[in-house]
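In: Need a 3D model of the following:
(2 chains)
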Number of protein chains: 2
Amino acid sequence: MTGTPTTLADVRALDASDSLARFRGQFALPEGVVYLDGNSLGALPRSAPSRIAAVVENEWGQSLIRSWNDHDWIGAPARIGDKIASLMGVKAGEVIAADSTSVNLFKLLGALVRLSPGRSDIVTETGNFPTDLHVAEGLADLFGKRLVAVATEALPDAIGTNTAALVLSHVHYRSAYRHDMKAMTARARDAGARVIWDLSHSIGAVPLDLYADGAELAIGCGYKYLNGGPGAPAFLYVAHHLQAEMVSPIRGWMGHAAPFEFKDEYTPAQGIERFLAGTPPILGLAGLEAGVDIMLAADQQALFGKAQRMFALFAALMAERCPEFRLASPSSAAERGSHISFAHPEARVIMNALIARGVIGDFRAPDVVRFGLTPLYLRYEDVWDAVDALAAIMASGAWRSPEYARLGRVT
Amino acid sequence: MTGTPTTLADVRALDASDSLARFRGQFALPEGVVYLDGNSLGALPRSAPSRIAAVVENEWGQSLIRSWNDHDWIGAPARIGDKIASLMGVKAGEVIAADSTSVNLFKLLGALVRLSPGRSDIVTETGNFPTDLHVAEGLADLFGKRLVAVATEALPDAIGTNTAALVLSHVHYRSAYRHDMKAMTARARDAGARVIWDLSHSIGAVPLDLYADGAELAIGCGYKYLNGGPGAPAFLYVAHHLQAEMVSPIRGWMGHAAPFEFKDEYTPAQGIERFLAGTPPILGLAGLEAGVDIMLAADQQALFGKAQRMFALFAALMAERCPEFRLASPSSAAERGSHISFAHPEARVIMNALIARGVIGDFRAPDVVRFGLTPLYLRYEDVWDAVDALAAIMASGAWRSPEYARLGRVT
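Out: All right, here's what the predicted structure looks like:
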């Protein structure tokens, strides 16, 4: 893209030549909606309803308990984990789909801090996604460790010989700021420490190569860019060379080496399965697999390229038409993920007004409107329409209607 | 029932006068199958496919992120928890649907042991369901406690001033032995200790009245007698008077007092929601709610009455026709749940042969064939047919066919 398109015709020309345009038809998007919240809940793959229905009606309904074998329910966490692994640049057997991001962080962090009992600190960022902060704080409390939360720029200096573990979001949920994974992992390694990377806002959003970056541990979310469905199972990654020495603090039966021998004694499974806990959530896994399968068919570099162009278009149109909003995301593509945020003191009410007009982004406290850029199913024209609607709301003052102040949305 | 029916006509007469017979039609059962494994995976409610499809296609697909508000996804764990509460004899606001049984045990046990820091022991039974043993052992290890696992009959003497917590299965997964909840809870209370009751094999299977029994803490499974679907979310119960002092060791964002204010500081929710961790698994919750709604319509005393009669029929027919099997469940209804087990040295191979003939029970190591009695959708005639098939296999020696020895089923 040379220069910023300034007319709708320009924008439509971009869509006409978009190599990813064919993916949009694979999602069921509602009429009359511009959906810019796929970083909070990804859209429904058209393949998902029939796949989930087959699991419900045929596998659960007809094969019943036999499906653990006959439809490989028992293998689903590892099978889907292997697919996610290929999106992260790591190997089969290093990722497993299970539980929630929160629980997975607890498991990995609990296992990790036990590897360095002499070190006192769990290091993270202030303003990190709350569950990461809360889980880390709770775990620090359990283990008699100290949670050290510092501003992003203070992180390098906070890492030292007392650091037992770091918990960092690769892409920040509000600003879209993206860490230099390789540099930060190396900085930690120099201090003898390891990072657990939260990939919730980067898997399926930015190209990942955790091997090249030296990253050994990660967690992430299934229901954002992976389009796995509401509350989809999350995933976790443990590099092969660390698996034998890390034991989950939650020793559930599915992490046992031989769960169906029903032994009193706990022997963790050899591989990544040791990080399973309870019985796998089969309906949620079916939704997740449908989403992941589409993502596997898309070129991650092409996706991020399109996301960058959408970001540039969004930022330029906002600067031109809604100058009262301040860009709250990094301007450099190397330093961000795949969403765009703007600050405005009345962000909450404005977002309510925008959603009422069918343009769905979200509000993030205290003052941010946030828009997910999901190139699999969004068009450049959606960005145009979103800014157009926002500009109209601002120009008319429609957002000041009392109904929008009253709306208390939870997400 | 006076005496044991000895002819198929007698058995059919029982079905003809069964007040619960109308429920069978509410389940989608495969043709040609006698399903006696509903205590491992409950059958599919006929209402479930359309309810799940509505969540997938309408709520996820069309309303997208707005469903957290508009379809009360955010309230689902507490709403379904309230329904389960009414099956347990406890109040709304005391139960929540979340995570797996394993993770829920970890949360409650972690919170409980912190209430009595001066006590060293977590007490449980040898041969308890493995995940309970493993989770308790892992937690004891984390907290520097001692796991004391003793035989059932030694439990009263193992409880003392060192007891920080007990973890007991109300109904045993293999034998169906049922604890006297009231007596054991009182025994623990006398020693200043509390019991976490695992209700996985009793919720929806035996009438429960946790208030009357003085029980304050419990966990349980959604996919067995509640018919919530494979890997359905589990539940946990914390009596109101304990909620304020118990804090989950896994401080996920959904347990926060105000998750959508995105605060760095953790403040647990006031009520049972404090035991949530990650984002609720919406597809799994939809399946669970479909199952729970049917269970709510059934009289729990009537269900257990029918289960007792099925048990008596099963035991009598086996004694007559398959005397080489030893009854491995308590003969007294007051001491058991809703399944029946028999021991035989070749149990694994025999169960494989039986399943191949469409009679589905399961094998539990080392030597038990186990049959779930689920009066919502089973007929007395199913018991007759099961014993008939087993007797035929034993009489003909068909179970000795090498194919059954080779089958390695995981569940």
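In: Domains of chain A: list them as residue ranges, please.
Out: Following automatic domain parsing, chain A resolves into domains at A:8-45+A:299-406, A:74-296.
In: which residue packs closest to the residue of the stretch 201-350 of chain A found nearest chain B, ignoring adjacent ones?
Out: Residue nearest to chain B within the stretch 201-350 of chain A: residue A:278 (2.3 Å; Cβ to the nearest Cβ). (Each C-beta comes from the backbone N, C-alpha and C, glycine too.) Excluding its sequence neighbours, the residue lying closest to residue A:278 (Cβ to Cβ, 6 or more residues apart in numbering or on different chains) is residue B:100, at 2.3 Å.
In: Next, the contact list for that neighbour, please.
Out: Listed by Cβ atoms under 8 Å, 6 or more residues apart in numbering or on different chains, the contact set of residue B:100 reads A:99, A:252, A:277-279, A:281, B:231, B:233-234.
In: List just the nearest of those to residue B:123.
Out: Set against residue B:123, the nearest of the contacts of residue B:100 by Cβ to Cβ is residue A:252 (20.1 Å).
In: Next, work out how far apart that closest one and residue B:30 are.
Out: Distance of residue A:252 to residue B:30, computed by Cβ to Cβ, to the nearest Å: 30 Å.
In: Which of these two has more residues huddled nearby?
Out: Higher neighbour count among residue A:252 and residue B:30: residue A:252, with 30 against 16, using other Cβ atoms under 10 Å in any protein chain shown.
In: And stretch A:123-142, what's buried?
Out: By neighbour count with 16 or more other Cβ atoms under 10 Å in any protein chain shown, stretch A:123-142 contains the buried residues A:123-125, A:127-142.
In: quick one: which of those residues sit in helices?
Out: Among these, DSSP state H puts A:130-142 in helices.
In: any chance of those residues in JSON lines, plus distance to residue A:158 and pLDDT?
Out: Formatted as JSON lines, these follow (distance: Cβ to Cβ, whole Å; pLDDT from 0 to 100):
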{"residue": "A:130", "distance to residue A:158": "19", "pLDDT": "93"}
{"residue": "A:131", "distance to residue A:158": "21", "pLDDT": "94"}
{"residue": "A:132", "distance to residue A:158": "16", "pLDDT": "96"}
{"residue": "A:133", "distance to residue A:158": "15", "pLDDT": "96"}
{"residue": "A:134", "distance to residue A:158": "19", "pLDDT": "97"}
{"residue": "A:135", "distance to residue A:158": "19", "pLDDT": "97"}
{"residue": "A:136", "distance to residue A:158": "13", "pLDDT": "97"}
{"residue": "A:137", "distance to residue A:158": "15", "pLDDT": "97"}
{"residue": "A:138", "distance to residue A:158": "20", "pLDDT": "96"}
{"residue": "A:139", "distance to residue A:158": "18", "pLDDT": "96"}
{"residue": "A:140", "distance to residue A:158": "14", "pLDDT": "96"}
{"residue": "A:141", "distance to residue A:158": "19", "pLDDT": "94"}
{"residue": "A:142", "distance to residue A:158": "21", "pLDDT": "93"}
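In: Also near chain B: which of these, exactly?
Out: When Cβ under 8 Å from any Cβ of the partner chain is applied, the members of these adjacent to chain B are A:130-131, A:133-135, A:137-139, A:142.
In: Touching, the residue of the stretch 201-350 of chain A closest to chain B and residue B:99? I think so.
Out: Yes: if you go by Cβ atoms under 8 Å, residue A:278 and residue B:99 touch, sitting 7.1 Å apart.
In: now check stretch A:68-85, is it near chain B?
Out: Yes: applying Cβ under 8 Å from any Cβ, one finds stretch A:68-85 touching chain B at A:68-69, A:73-74.
In: I'd like to know how many residues surround residue A:27.
Out: Residue A:27 - counted by other Cβ under 10 Å - has 23 other residues nearby.
In: If you drop the residues flanking it in sequence, what lies closest to residue A:331?
Out: residue A:315 (7.5 Å).
In: Would you agree that neighbour is in contact with residue A:333?
Out: No: Residue A:315 lies out of contact with residue A:333 (Cβ under 8 Å); the separation is 11.2 Å.
In: For the spatially most central residue of chain A, pull up the helix or strand it's in.
Out: Closest to where the C-alpha atoms of chain A average out (Cα atoms, centre = their mean) is residue A:200, at 2.1 Å. Using DSSP states H and E, residue A:200 falls within no helix or strand.
In: Make sure it is actually in contact with residue A:222.
Out: No: the pair residue A:200 / residue A:222 is not scored as a contact, 9.2 Å apart, by Cβ under 8 Å.
In: biggest strand in chain A by residues?
Out: Of all segments of type strand in chain A, defined using DSSP state E, the longest is strand A:163-169.
In: which residues touch that strand?
Out: So strand A:163-169 is contacted by A:105, A:109, A:112-113, A:116, A:119-125, A:128-129, A:132, A:136, A:145, A:155, A:159, A:179, A:184, A:188, A:191-198, A:200-201 (Cβ under 8 Å, 6+ apart).
In: What subset of those residues is buried?
Out: Using 16+ other Cβ under 10 Å, the buried ones in these are A:105, A:109, A:112-113, A:119-125, A:128-129, A:132, A:136, A:145, A:155, A:159, A:179, A:184, A:188, A:191, A:193-198, A:200-201.
In: Restricted to strands, list the residues you listed.
Out: Per DSSP E, these map to strands at A:121-125, A:195-198.
In: export the ones next to chain B among the ones in helices among the buried residues of stretch A:123-142 to JSON lines and tack on distance to residue A:340?
Out: Shown next, in JSON lines, are those (distance: Cβ to Cβ, whole Å):
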{"residue": "A:130", "distance to residue A:340": "21"}
{"residue": "A:131", "distance to residue A:340": "23"}
{"residue": "A:133", "distance to residue A:340": "24"}
{"residue": "A:134", "distance to residue A:340": "27"}
{"residue": "A:135", "distance to residue A:340": "28"}
{"residue": "A:137", "distance to residue A:340": "30"}
{"residue": "A:138", "distance to residue A:340": "32"}
{"residue": "A:139", "distance to residue A:340": "33"}
{"residue": "A:142", "distance to residue A:340": "38"}
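In: before we move on, the earlier item: take the contacts of residue B:100 and lay them out in TSV including pLDDT and distance to residue B:169.
Out: Below are the contacts of residue B:100 laid out as TSV (pLDDT from 0 to 100; distance: Cβ to Cβ, whole Å):
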residue	pLDDT	distance to residue B:169
A:99	98	22
A:252	94	15
A:277	97	18
A:278	97	15
A:279	97	16
A:281	98	22
B:231	98	19
B:233	98	19
B:234	98	14
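In: ok, which pair from those is furthest apart?
Out: So, those by Cβ to Cβ: farthest apart are A:252 and B:233, at 14.4 Å.
In: Contact residues of the stretch 251-400 of chain A facing chain B?
Out: A:251-256, A:259-264, A:266, A:277-287, A:355, A:360, A:362, A:364-365.
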